[in-house]
Structures are given as structure tokens and as C-alpha cells.
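**Q** Predicted model and sequence below, questions to follow.
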Amino acid sequence: MDTTVNPSLAQRLPGEIDEVDLIPVRTYWQMVRRRFLRNRLAVVAFLLLVVLIALALIVPTLTGEMYRKTSLIKPYAGVELAAPLGYDDIGQNIFLRLMKALQTSLFIGFAAVSIIFTVGVSVGAIAGYFGGWVDNILMRVVDVVLSLPSLFLVIMLVAFFGGGNVWVIVFAIGLTGWTTAARLVRATFLSLREADFVQAAQALGASRFRIITRHMLPSALAPILVAVTLGVADSVVTEAALSFLGFGISPPEASLGNMMTNAINYMIRQPLLIVYPGVTLILIVLAASFLGDGLRDALDPRQRAEG
Amino acid sequence: MATYVIRRLIQALPILLGIAVISFIIVHVAPGSPIDKYRTPRVSPEQLQNLIRMYGLDKSLPEQFFSWIFNFLQPWQTDGAGNHVAWGFSFSTGAPVWDRITERIPATLLLMGTALASTVVIAIPIGVLAAVKQYSLADKVITVFATVGYAVPSYWLGLMLIYTFAINLNLFPLFGMHSLGKTDPLDVGWHMILPVASLTIQQVAGWSRYMRSSMLEVMRQDYIRTARAKGLSSGQVIRKHALRNALIPIVTLLGLTIPTLLSGAIITEAIFSWPGLGNLGYTSVIDRDYPVVLAFVMMGGFMVIVGNLIADILYAVVDPRIKY
């Protein structure tokens, strides 16, 4: 895995070795990892995201339905070991609700992004590879979707097609958000179409599907990866906005958005109720955007890894 | 230039048609019908049939689409009494959609325009300061603010402002545009401060970041070094040489923001109960007021196209190298 010296050196005479050959050879991904690990902010963001995902996976799984258990004697009850953030207005454990909400938000974020990725990459790859009228039509579709007021469209879709259903939310966010990914992939494909290695693959008789997926797509991976990371944050924020406005997930299910809506009514009595989901949301967005920035710098092949 | 604008507008027509088709399909495929709320024992089947005929719901989808889009493109049509009927009537109030939309425009224009103006006035100097004094304390503070401000969701920020300034400090009203029985501008301004602040903080975060990186990019250019070398003061270099060029990319942001001048900010308007277009869009989705929803989406799409066009024209204005 680690650095190796140029293997062809063994076949050469000592006099023919110049300094250039002694620079350790690293693969692209080794350089990416090196560059990424040097960016302390990005590493912290990555770890934070890992912690958030772990919490969202572990806590609700261990505690099951406890997040929606109300209690008559516990409204506004203070902090205790089982409830590090206390209890809300109907005696529900705030910490457990917050973790369940985190799980819901992250699930919707990642599920929506996988739709964004699938649709965006397919459309972009087809448009960029075939060009011509195919490209023309697909790009006009992109223009239309880009011109639609996206938040309003998501609200419309979710409100009209069964609010509260997680999958409707996922599809609404996914189907309105794929245009950036499509444009990125298309741009890369257009520039690669005439590249020598693509023509070589064609000459060797590789199928179109193979050329697109095995030869061209890896080159477009870097910008997509960044877009996907930022897309998770965008989707989480959109979901929270939907639930906040009352179109998304409604109680007793927990979502960062509906926790905020509920908290409005108890703003004077328990102002912290509104702080918890907000801070969680901000942490997700900050982590994703620093991770995205870090990935962008690390994946950029023009940045040489020095030392 | 004129031919360019005309060509762009013609190119926009298929996009508008696409927007119309998509939103029309969504609205019509949506489960539930606008006359559902009349399906009560008190409404007779004949009356229901009349309603269905009146709303044109008995015709085929393409027929409904073409009659809608044909009328929609001629909003100046009026009936005998001078009502603008071409956009249809609101299902929830019965008023012409045109009236419901236009009556909301001033409030939204006022709110979004003030927010945009404050954004420009604050974000550009801040961004320039951060770039000129790169790595200074001021730069770090601005960068942290911009990063955090960018991550804070607007609705949460709005709620925090309400909690701090309206509930705790009791300095500003909780919501709305007017106090009871008051219509003077001072009262409106007082109501506007919190929603404008919540919009501005968010926008300044994004704009100042953009401005900073654009300015840094320009400051690296050879002509800046030339300007310095020929002995200009650093103030002159920044104002006359750097700033003008650094503003070019900002035009893109302006183009992206212009549509919100008319479509409003749905969430901010909803939180503060601001009587603007965003709030109208929000309530019309809840009420399933399809004619208003359709008009809202169409206007939103139209504004995006207009915003992009304005941005492209502004490019040519601020950058004489660009010719159309």
C-alpha cells in the first residue's frame, strides 16, 4: 500500500538513474488520501459525520419505540441519566426523540442523494456520451427542472402525494435535485468523448455501456463525490423545512423539522427544545460542507502532493 | 443586444411550456379533487355536477391544459366588470387568481427588495475587507460568520430571532406587517426588521464568501501588480482596478436572487406571517387551491428565466469584453 520506488529502476544501470526516478510513486487514491488527511478541518468533519451516523444507527435501534412514549408525570421533567436532555411537553424523552429525528433526517438525506446520484449520473452520462439531439433534449429537461421553484415543487409533491410518507419525501427531493450532478457528469463526458483512451476502448470493441461505466465514469467521479456530499446536507435541510412547515413527517414520528415546529409552542417555557434540533441540523450541514470542501481539494489532481 | 434578448426570450418559451406541463400534470394527478370539500350531505349531486362543469373538470386533460395555458398567456383579458379572469378563480376565496397574486406583490417586493439591498450593502464591503486583509483577525471572523451563517437554516434563524428579540426583549412584533389599525410606513418598517434580518444574515453569509474569493482571485492578477507598480495608492488599486473586476461573478448571484423578489421566501414569510407571495404559495398548497398553485409555479419559473437573462445582460454591462 505504501510508497514504492519506481520498479523499472531495477533494470537500469546505476548511472542512468536520475533524481526524478527517486520520487516515490503513489497511486491517485494514495495521493488523495494523503491530501485529505492533511486537511485537519475535513478530517474533523468526517469524524463528526461518522459519530452522527453511528448515534443515529445505534441509539434508536437499542431503545426501539421509547422515543414516542409519552408520560403523564414527566412533562418538562429535568435531566436524568436516562434522559440527558430532559423531557418535553408530553413527557417524551428529548434525547431519544432527537436521535430518532437524526436517523430519519440522515436516512432521507442519503436516500434522496442516491436518487440524485442515479438520475443525475445517468442523464449526464447519456447526454455527454451521445451528444447531438439526445444531449439537446436532455439538457432542455434540465433547464426546465432548474427553472422550477424547487422548494415549492417539493412542497407541492409532498403535500399532494401523501405527506408523512418518507418515500414520497425522498422522491420529491431526489427528483428535483439531480440537475447539478447531471451537468457535472455531462461536462466531463463531453470533454472525454474524444480522449485517446476512450477511442482506444472503442477500437478494442468495448460496448458503449462498458465504455461509459468502466472508462469514462471514474474520471467524472471526483466532482460527483463532492456534489453528493453537499447534496446530503441540502436534502437534510429540505426535509427539515418540509416537516417544519407541516408537510413532511408529523408527530409522533420524530424529525428535526417537526421537533422545531412543536418547540414553537413551548418557546417561553422550554426554549432549549428549539435549540437541540437546530444545532443538530447545523452540525450536519457544517460537517458535510467541510467534508465536501476537503474532498474537492483532495480529489483535484492538479494539486500535487508534496513531500 | 436587442436581438440577443429576443432570441433568449424565444428560447425560453419551450422551457416555460415544460414548466407548465410538469406543474399541470402534478396538480391533476394529485389525489383528491378541488370539489371534494363540497361532497357533504348538504350539497346535492346536481349541484356537484354543476361545480364540476363550472371548473371544467369534466373535460379531458389535454383540453383542460390548452384552455388553461391559452388563457394564462393573456392575463390582460377582463370580463365585463373589469375583473382579470384569465388566470381563473381561486378555489378557496373565489377571487380572480390574478388579483390574489398581484395584491401580494408589493409586500413581497418590499421585503425581498430591502433584504437584497441590505445584503449588497453589507456583503460586498465585508467580502472585500476579508480579501484585502487576508488571514487577519477580521478575515477569520468574517469567514467563521459566513461558514456558520451558511449552515444555519433560515427557519431556525427566524425562530431564534423571534425568541430573542420579540419574546425575550420584546423589541419587535412577533409577526405580520401592520399593527392593528396602523398603516404608517414606520410601523411597517418596525415589523420588517426581523424578517429582513433573517433573510439578510443568510444571504450575506453566501455573498460575502463569494465576494472574498472573487476579490482574492482578482488581486492575484498581473494588472493589479502593474497598477501597484505604477505607484497608485492601495485604495485606488482596490476601488478602481480590483473591485470592478471582482464584481463580475457577483452578477450571477444577483441573477439567482432576482426571482425571489417576486416569488418571495416561502419559509420566512410563513414564519413571520408576512402577507406576501411566498405565504400565498404556502397557504394555497395547504388549501389545494390549484389555480393559485399553478399561477405561482408559472410565475416562479418565469422569474428564474428573467433573472438569468438580466444576469447575462448585466455581464455585458459590467464587463465590456463580453459582447452578444
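**A** It's in.

**Q** which residues sit in contact with residue 186?
**A** Picking chain A for this. Neighbouring residues of residue A:186 by CB atoms under 8 Å, 6 or more residues apart in numbering or on different chains: A:123, A:124, A:125, A:127, A:128, A:135, A:139. Where you see a C-beta, it was placed from the backbone N, CA and C, and this is true even at glycine.

**Q** CSV for those, including pLDDT?
**A** Output for these, formatted as CSV (pLDDT from 0 to 100):
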residue, pLDDT
A:123, 94
A:124, 92
A:125, 91
A:127, 92
A:128, 89
A:135, 91
A:139, 91
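
**Q** I'd like those residues written out as TSV, with distance to residue B:231 and secondary structure added.
**A** Compiled in TSV, the contacts of residue A:186 are given as follows (distance: CB to CB, whole Å; DSSP: H, G, I helix; E, B strand; the rest coil):
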residue	distance to residue B:231	secondary structure
A:123	54	helix
A:124	50	helix
A:125	54	helix
A:127	52	helix
A:128	50	helix
A:135	52	helix
A:139	50	helix
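
**Q** low pLDDT regions in the stretch 51-200 of chain B?
**A** For the stretch 51-200 of chain B, the stretches with pLDDT under 70 are B:180.

**Q** how many other residues sit next to residue B:204?
**A** 26 (other CB atoms under 10 Å in any protein chain shown).

**Q** coming back round to it: from the contacts of residue A:186, which is closest to chain B?
**A** Here the nearest of the contacts of residue A:186 to chain B, counting by CB to the nearest CB, is residue A:139; it sits at 10.8 Å.

**Q** And the closest one, how far from residue A:131?
**A** Distance, residue A:139 to residue A:131, using CB to CB, to the nearest Å: 10 Å.

**Q** Which one's more surrounded, these two?
**A** The residue with more neighbours, out of residue A:139 and residue A:131, is residue A:139; 18 against 14, by other CB under 10 Å.

**Q** Show me which residues of the stretch 51-200 of chain A are close to chain B?
**A** Selection of the stretch 51-200 of chain A residues close to chain B by CB under 8 Å from any CB of the partner chain yields A:140-141, A:143-144, A:146-149, A:151-153, A:155-157, A:159-162.

**Q** make it 7 Å
**A** The stretch 51-200 of chain A comes close to chain B at residues A:140, A:143-144, A:147-149, A:151-152, A:155-157, A:159-161, as judged by CB under 7 Å from any CB of the partner chain.

**Q** out of the residues you listed, which are buried?
**A** The neighbour count (16 or more other CB atoms under 10 Å in any protein chain shown) marks A:143-144, A:147-149, A:151-152, A:155-157, A:159-161 as buried among these.

**Q** Export those as CSV, with columns for pLDDT and secondary structure.
**A** Converted to CSV, those look like this (pLDDT from 0 to 100; DSSP: H, G, I helix; E, B strand; the rest coil):
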residue, pLDDT, secondary structure
A:143, 88, helix
A:144, 89, helix
A:147, 85, helix
A:148, 84, coil
A:149, 82, coil
A:151, 85, helix
A:152, 87, helix
A:155, 88, helix
A:156, 87, helix
A:157, 88, helix
A:159, 86, helix
A:160, 85, helix
A:161, 85, coil
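
**Q** Now for those residues: which two are most distant?
**A** Spanning the widest gap among those are A:143 and A:159, at 25.2 Å by CB to CB.

**Q** With the flanking residues excluded, which residue is spatially nearest to residue B:198?
**A** residue B:158 (4.2 Å; CB to CB, 6 or more residues apart in numbering or on different chains).

**Q** same thing with residue A:282?
**A** Closest to residue A:282 by CB to CB, 6+ apart is residue B:151, at 4.9 Å.

**Q** I'd assumed residue A:287 was in contact with that neighbour.
**A** No. Contact criterion CB atoms under 7 Å: residue B:151 and residue A:287 do not qualify, at 9.1 Å.

**Q** The two: who's more crowded?
**A** Counted by other CB under 10 Å, residue B:151 and residue A:287 do not tie: residue A:287 has more neighbours, with 25 against 20.

**Q** Show the model's pLDDT score for the more buried one.
**A** Note on residue A:287: pLDDT of 91.

**Q** Please report how far it lies from residue A:48.
**A** Going from residue A:287 to residue A:48 by CB to CB gives 4 Å.

**Q** dump the residue contacts of residue A:260.
**A** If you count contacts by CB atoms under 7 Å, 6 or more residues apart in numbering or on different chains, residue A:260 has them with A:244, A:274, A:277, A:278, B:156, B:159.

**Q** Roughly how far does it sit from residue A:245?
**A** For residue A:260, the distance to residue A:245 - CB to CB - is 10 Å.

**Q** ok, now residue A:130?
**A** 40 Å.

**Q** of the two, who's got more company?
**A** Neighbour totals were compared for residue A:130 and residue A:245, and residue A:245 leads with 24 against 15 (other CB under 10 Å).

**Q** Tell me which residues touch the closest residue to that one other than its chain neighbours, please.
**A** Computed as CB to CB, 6+ apart, the closest residue to residue A:245 that is not its neighbour in sequence is residue B:270, at 6.3 Å. Residues near residue B:270 by CB under 7 Å, 6+ apart: A:245, B:279, B:282.

**Q** Format these as TSV; extra columns: secondary structure.
**A** Below are the contacts of residue B:270 laid out as TSV (DSSP: H, G, I helix; E, B strand; the rest coil):
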residue	secondary structure
A:245	helix
B:279	helix
B:282	helix
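
**Q** before we move on, the earlier item: surely the residue nearest to residue B:198 meets residue B:265?
**A** No. With contacts counted by CB under 7 Å, residue B:158 stays clear of residue B:265, the gap being 9.6 Å.

**Q** So for the two, which residue has more residues nearby?
**A** residue B:265 (27 against 24).

**Q** Quick check: pLDDT value at the more buried one.
**A** Confidence score, pLDDT, at residue B:265: 81.

**Q** Residue B:200 is in contact with that one, correct?
**A** No. The criterion here is CB under 7 Å, and residue B:265 misses it with residue B:200 at 11.3 Å.

**Q** Would you mind measuring from residue A:249 to residue A:258?
**A** 6 Å.

**Q** what touches both of these two?
**A** Joint contacts of residue A:249 and residue A:258 (CB under 7 Å, 6+ apart) are residue A:243.

**Q** For the contacts of residue A:186, name the two members farthest from one another.
**A** A:125 and A:139 (13.2 Å).

**Q** Please tell me how far residue A:181 sits from residue A:292.
**A** To residue A:292, residue A:181 is 13 Å away according to CB to CB.

**Q** Looking at these two, which is more packed in?
**A** Legend: neighbour count by other CB under 10 Å for residue A:181 and residue A:292, higher for residue A:181 (25 against 21).

**Q** And the helices in chain A?
**A** For chain A, the helices defined by DSSP state H occupy A:28-38, A:40-63, A:94-130, A:132-147, A:150-160, A:166-176, A:179-192, A:196-203, A:208-210, A:217-245, A:256-264, A:272-299.
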